[in-house]
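# Let's see this in three dimensions:
(one chain, ligands or ions: 1)
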Amino acid sequence: MTREPVLTIRDLHLAFGRWGRKSNVLHGISLHVGAGEKVALVGESGSGKSVTARLAMGLLQESRATHATGSIRFDGIEAVKGGPEIARRRGNRVAMIFQDPTSALNPTFKIRGQFREVLRSAEPRLSDAEADRRAEAALAEVSIPDPARALDSYAFQLSGGMNQRVMIAMALANRPELLIADEPGTALDVTVQAQTLKLMGDLAATRGTAVLLISHNLGVVREFADRVYVIYRGRMVEHATTKQLFAAPRHPYTQALLSAIPKISGGGLPDLPERSPDFERPLIVHEGCGEPAEVL
Ligand SMILES: Nc1ncnc2c1ncn2[C@@H]1O[C@H](COP(=O)(O)OP(=O)(O)OP(=O)(O)O)[C@@H](O)[C@H]1O
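From the prediction side, this is the model:
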């Protein structure tokens, strides 16, 4: 029997708008991430990466101004039409880390209090002593040299790299099956970014955590991911193993992305013609990286 991927997104459409004004942001996105897999979603700013992640996390739900259709399945739980209850149920099993750790940590509370709160979201009756013991173990796991001292600090007393580790330790403390990382560490220096990616890679290998990395940095993606999805203006245009994508990109947008890698600044990417022939058959799927088997 084939195992169902940890996360399966099928034909996801999203539009924002009210009072007759509608802006279509996603046009039929599909992707999957299996246990222990490292998958990247790449595309330039505004292409729809973050809204896809927020929908998958249950952080963005159907409302009068948000119109979503399609399916996002995580471990049998549907997110698209789910309410806050769904977000809560999946909360401990899907974790997200963001670009800037300081924005995810509360500056007015010590790390200890914030950590206890995270752990108690999964186990409300956890004692202070047990919560602290688990927090110290989680911090040690991300190579924080003096966990007790880190717990007694405020975020502003720790370096950017330390805060990033604290945020990852918190994200992982409840042992999520899926980790979504939105440009992790890009607000910090490249060393921290590299450390963060290494940690996430280790987690996928040792704990079987499924990782979805969101990035516009193809250099990072090449180092990190097993498979890559390329999104362009809300459409998935190419899906390949990382090796295939870098050896022989087939969509003109992917080719443009790859040719832009060595440029440090200037110009951005060229626009593709609206009626690019590839949009007649928009998604190019390379051989062997396939779609998940139907296991329902
Ligand atoms: N709450 C919202 N209301 C209206 N439009 C939105 C909202 N959130 C996102 N958008 C629009 O949806 C599109 C996709 O945004 P998204 O943040 O997913 O892009 P992205 O690929 O993650 O970009 P970046 O790399 O800059 O984060 C953009 O055009 C954005 O302006």
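# Which helix or strand in the protein has the lowest average pLDDT?
helix 84-91 (a mean of 62; mean pLDDT, DSSP states H and E).
# Name the strands paired with the very next helix or strand once past that helix and say parallel or antiparallel.
As assigned by DSSP states H and E, the chain's next helix or strand after helix 84-91 is strand 94-97. Here strand 94-97 has these sheet partners by DSSP bridges: strand 178-182 (parallel).
# so after the partner strand, what's the next helix or strand?
Downstream of strand 178-182 (by DSSP H and E), the next one is helix 190-207.
# what does the average pLDDT come to for that following helix?
Taken as a whole, helix 190-207 has a mean pLDDT of 82.
# before we move on, what about stretch 56-65?
76.
# next one: stretch 222-239
The model assigns stretch 222-239 a mean pLDDT of 94.
# For it, buried residues please.
Of the residues in stretch 222-239, 222, 224-239 count as buried by neighbour count, 16 or more other C-beta atoms under 10 Å. C-betas here are computed from N, CA, C, even on glycine.
# just these that are near the ligand?
Of the residues in these, proximity to the ligand by C-beta under 6 Å from any ligand atom holds for none.
# hey, what's the residue nearest to the spatial centre of the chain bridged with?
Centroid check for the chain by C-alpha atoms, centre = their mean gives Ile180 as the closest residue, at 2.6 Å. Counting by DSSP bridges, Ile180 forms beta bridges with Met96, Leu212.
# how about the residues of the stretch 1-150 of the chain near the ligand?
Residues of the stretch 1-150 of the chain lying close to the ligand (C-beta under 6 Å from any ligand atom) are 16, 25, 43, 45-51.
# Just the buried ones from these?
Buried among those by 16+ other C-beta under 10 Å: 16, 25, 43, 47-51.
# Looking at the residues you listed, which are in helices?
49-51 (DSSP state H).
# doesn't Lys49 make contact with Arg233?
No: using C-beta atoms under 8 Å, Arg233 is not in contact with Lys49, being 11.6 Å away.
# so what pLDDT did whatever residue of the stretch 101-250 of the chain ends up closest to the ligand get?
Nearest to the ligand, among the residues of the stretch 101-250 of the chain, is His216, at 5.6 Å (C-beta to the nearest ligand atom). Note on His216: pLDDT of 84.
# Name all residues that make contact with the residue lying closest to Ala40 once chain neighbours are set aside.
Using C-beta to C-beta, 6 or more residues apart in numbering and skipping residues adjacent in sequence, the residue nearest Ala40 is Ala225, 3.8 Å away. Taking C-beta atoms under 8 Å, 6 or more residues apart in numbering, we find Ala225 in contact with 38-40, 213, 242.
# Val220 contacts Thr196, doesn't it?
No: between Val220 and Thr196 there is no contact under C-beta under 8 Å: 10.1 Å.
# Make a markdown table from the ones in helices among the buried ones among the residues of the stretch 1-150 of the chain next to the ligand and add pLDDT and distance to Thr108 to it.
Formatted as a markdown table, those follow (pLDDT from 0 to 100; distance: C-beta to C-beta, whole Å):
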| residue | pLDDT | distance to Thr108 |
| --- | --- | --- |
| Lys49 | 92 | 31 |
| Ser50 | 89 | 26 |
| Val51 | 91 | 30 |
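# What separation is there between the residue nearest to the centre of the chain and Val51?
To Val51, Ile180 is 12 Å away according to C-beta to C-beta, to the nearest Å.
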